[in-house]
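Engineer: Pasting the sequence and the predicted model now:
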Number of protein chains: 2
Amino acid sequence: MTIESFLPPHRTLMGPGPSDVSPRVLQALSRPTIGHLDPLFIQMMDELKLLLKYAFQTENEFTIAVSAPGSAGMEACFTNLIEPGDKVAVCRNGVFGERMRENVVRAGGIAVVIDDAWGAPVSVEKVAAALESDPQIKLLAFVHAETSTGALSNAEALGWLAKQHNVLTIVDAVTSLGGVALKVDEWQLDAVYSGSQKCLSCVPGLSPLTFSPRAIEKIQSRSTPIQSWFLDQSLVLGYWSGEGKRSYHHTAPVNSLYALHEALLLLKTEGLENAWQRHQQMHQLLKVGLEKLGFSFVVEPDYRLPQLNAVYVPEHIDEAQVRATLLQEYNLEIGAGLGDLAGKAWRIGLMGYGARKENVALCLQALQNALSRP
Amino acid sequence: MTIESFLPPHRTLMGPGPSDVSPRVLQALSRPTIGHLDPLFIQMMDELKLLLKYAFQTENEFTIAVSAPGSAGMEACFTNLIEPGDKVAVCRNGVFGERMRENVVRAGGIAVVIDDAWGAPVSVEKVAAALESDPQIKLLAFVHAETSTGALSNAEALGWLAKQHNVLTIVDAVTSLGGVALKVDEWQLDAVYSGSQKCLSCVPGLSPLTFSPRAIEKIQSRSTPIQSWFLDQSLVLGYWSGEGKRSYHHTAPVNSLYALHEALLLLKTEGLENAWQRHQQMHQLLKVGLEKLGFSFVVEPDYRLPQLNAVYVPEHIDEAQVRATLLQEYNLEIGAGLGDLAGKAWRIGLMGYGARKENVALCLQALQNALSRP
């Protein structure tokens, strides 16, 4: 087998992520690697923290990027905040709620699962009932924007509810950050993680993460050690901390952090509210077009994510074949259904740099062509 | 605070890593992002597996890159192979042996520590005695090339010794892979992890990893679940496996994997033996020059790593000031001492693309200039 340099084609990425990456971000990615303890790199990290705080709308001092994908950011929250035996209410309305439950169990916690239908948001009433009926619950975990269904949950109401019960929140904001409103401080959320490759339109591989002072307090008052060394945020803090000398924990993914810095800078330049609005506008365009083509949405309008459009696949269609046609003939990627929706739905992403008119137009025209095939 | 695009200077990286990255690798890094389930990406990953097998000199089917830095590769080994209560012999002759011990404890294992002096290799005799005296030891963990001291241990002898005692090996090859001989199959090593940013001269953020069939067997016969979801290699295998449909586990760091593919292709084109020889030749040049300048090495010649040269800092020298001068005036990074050697030694790396005559020349001349300052 002769192996040559890999020259990927230029795809338009309208799946559930990774999303289209801005040329400016790719350019930043390939700048010369410098040392992870270089004073100039440390300065860049300080700026990155400020940019992350802006994106999360938080003043949390502990706001960093985990050196691994969103799943590791998720695990960082559970493994740091749960001590063996801790009861954790886990809301499950899609793939990522179930992954949270799995994380609770592996961290030695006791999961109290609150189920909602796939495509529905997390029921605030059910969560209220669960927290009232069991005062031993210490943490509430939920997904803000379910990437498997396209449903948006009310993180604000859930955040306030948790606060009333003196319960800490762990929030999956992988698909929400940068695409819809997320206000960590105002909503009083405690541990929030995201991914670089969704509405931030950075390359995959990093997980933005923020911990409230309450979350840090819980970590510092642990009586048992954190089971992961790599994800032990009390150690990671020594490297990301703004005060004094940085202590080596692991080698930071230098170039990926350049890219995240650039992606967040683009977000800040546009303005968060403008970015949220742009996602909404592009979603409206796509929605009108998809409905004209006869598609119906998995999620009700009130809870529908603009950045992740799950639509049912028309009957009698070979859904894998259509996706293959889009990819091969139009270099267009849309997402397959996941979990309960596998084979039944498509997921069309309008994330970050991908939420542009040209992408909407391409998607609608290519879909129409592919579906009208004999 | 006004934040602008980050434009790093062009440094020559001669520390303990990240090492100089070839322009070809940076170019590969910035190619267009495609989906992590794209058929072309899957093909690229299949090639990447072949290239990793070549670099590790193994036929192990489970040979992948963990989507996170070397520390996560280390943790992947311990968390997958250790069950609570397992006894693990851990060789400690530097920072990374101690990190291994920490990993054993966090994974619920019982660490039997075998200490050697910083700068010395792991004593095969001591390990033999430990394995003979305690038949309950199930695993042997050691660092092949200690990045904190520059000492090379005899992985071949340790591998065979472990096999005689029916003990599995976990080997840290972070700094050895690509720089000195490492023959996973011939030496019968079981779980071997590395880093992308040392002698492979790829950007930091990935950890090449290989498990022998015996290691896989141990994982598959576990009676307790793996405590990490992100690092659970039985789940990761579903994504990297060559057979049939790839199942989604986490979003792969697409662009970083392009870069690793390119870096490994460069290694294959040069040839492993040639790369080992080049590291040795550049080390000889550097050694002669350093000795002329009056430096002495931390490690005896027999165990000295060509790619990581730890030398004692001359007395009456402000070592941090000299490193700062090299960085500011020559854009040259050399490494500080770590752990027991902090403030006492420098670590000069000649890794991968960085092991070139021009780097040796620059380093010697710049050091001479900086040290001759009044």
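Structural biologist: Received, thanks. Numbering: from 1, shown residues only, chains lettered A, B, ... in the order given.
Engineer: My guess is A:P253 contacts B:V203. True?
Structural biologist: Yes: if you go by C-beta atoms under 8 Å, A:P253 and B:V203 touch, sitting 7.0 Å apart. C-beta here means a position set from N, CA and C on the backbone, and glycine is covered the same way.
Engineer: hey, what's in contact with both of the two?
Structural biologist: Residues touching both A:P253 and B:V203 (C-beta atoms under 8 Å, 6 or more residues apart in numbering or on different chains) are B:S256.
Engineer: can you give me phi and psi for the residue of the stretch 101-250 of chain A found nearest chain B?
Structural biologist: Distances between the stretch 101-250 of chain A and chain B by C-beta to the nearest C-beta are smallest at A:G205, namely 3.1 Å. Per-residue torsions, A:G205: phi 130, psi 0 (degrees, to the nearest 10).
Engineer: Now A:P39: closest residue in space, sequence neighbours ignored.
Structural biologist: B:L327 (7.7 Å; C-beta to C-beta, 6 or more residues apart in numbering or on different chains).
Engineer: give me every residue that touches the one you found.
Structural biologist: A:D38, A:P39, B:R11, B:E333.
Engineer: Most neighbours among these, which one?
Structural biologist: Highest neighbour count within the contacts of B:L327, by other C-beta atoms under 10 Å in any protein chain shown: B:E333, with 23 neighbours.
Engineer: can you confirm that residue is in a helix?
Structural biologist: No: counting by DSSP: H, G, I helix; E, B strand; the rest coil, one finds B:E333 to be strand, located in no helix.
Engineer: so does the lowest-mean-pLDDT helix or strand in chain A get close to chain B?
Structural biologist: The weakest-scoring helix or strand in chain A, judged by mean pLDDT, DSSP states H and E, is helix A:233-240 (a mean of 86). No: using C-beta under 8 Å from any C-beta of the partner chain, we find that helix A:233-240 stays clear of chain B, coming within 9.8 Å at best.
Engineer: List the buried residues of whichever helix or strand comes after that helix.
Structural biologist: With elements assigned by DSSP states H and E, the helix or strand that comes after helix A:233-240 is helix A:254-270. Neighbour counts over helix A:254-270 (16 or more other C-beta atoms under 10 Å in any protein chain shown) mark A:254-267 as buried.
Engineer: swap in stretch A:363-374?
Structural biologist: For stretch A:363-374, burial by neighbour count (16+ other C-beta under 10 Å) applies to A:C363, A:L364, A:A366, A:L367, A:A370.
Engineer: What lies in contact with that stretch?
Structural biologist: Under C-beta under 8 Å, 6+ apart, the answer for stretch A:363-374 is A:12, A:14, A:286, A:289-290, A:293, A:314, A:317, A:322, A:325-326, A:329-330, A:332, A:334, A:348.
Engineer: Of these, just say which sits nearest to A:T147.
Structural biologist: Set against A:T147, the nearest of these by C-beta to C-beta is A:I348 (12.2 Å).
Engineer: Am I right that that closest one sits in a strand?
Structural biologist: Yes: assigned with three-state DSSP, A:I348 falls within a strand.
Engineer: In contact with the closest residue to it other than its chain neighbours, which residues?
Structural biologist: Leaving aside its sequence neighbours, A:I348 sits nearest to A:N309 (C-beta to C-beta, 6+ apart; 4.3 Å). A:N309 makes contact with A:G150, A:H283, A:L286, A:K287, A:L290, A:F297, A:R347, A:I348, A:G349, A:L350, according to C-beta under 8 Å, 6+ apart.
Engineer: Run a quick neighbour tally on A:V174.
Structural biologist: 29.
Engineer: Please report how far it lies from A:A130.
Structural biologist: Distance of A:V174 to A:A130, given as C-beta to C-beta, to the nearest Å: 24 Å.
Engineer: For the stretch 101-250 of chain A, list the residues in contact with chain B, please.
Structural biologist: Counting by C-beta under 8 Å from any C-beta, the stretch 101-250 of chain A sits next to chain B at A:102-103, A:105-107, A:195, A:197, A:203-205, A:225-230, A:248-250.
Engineer: For whatever residue of the stretch 251-374 of chain A ends up closest to chain B, which non-adjacent residue is spatially closest?
Structural biologist: Of all residues in the stretch 251-374 of chain A, A:P253 sits closest to chain B, at 3.1 Å by C-beta to the nearest C-beta. Of all residues not flanking A:P253 in the chain, B:G205 sits nearest, at 3.1 Å (C-beta to C-beta, 6+ apart).
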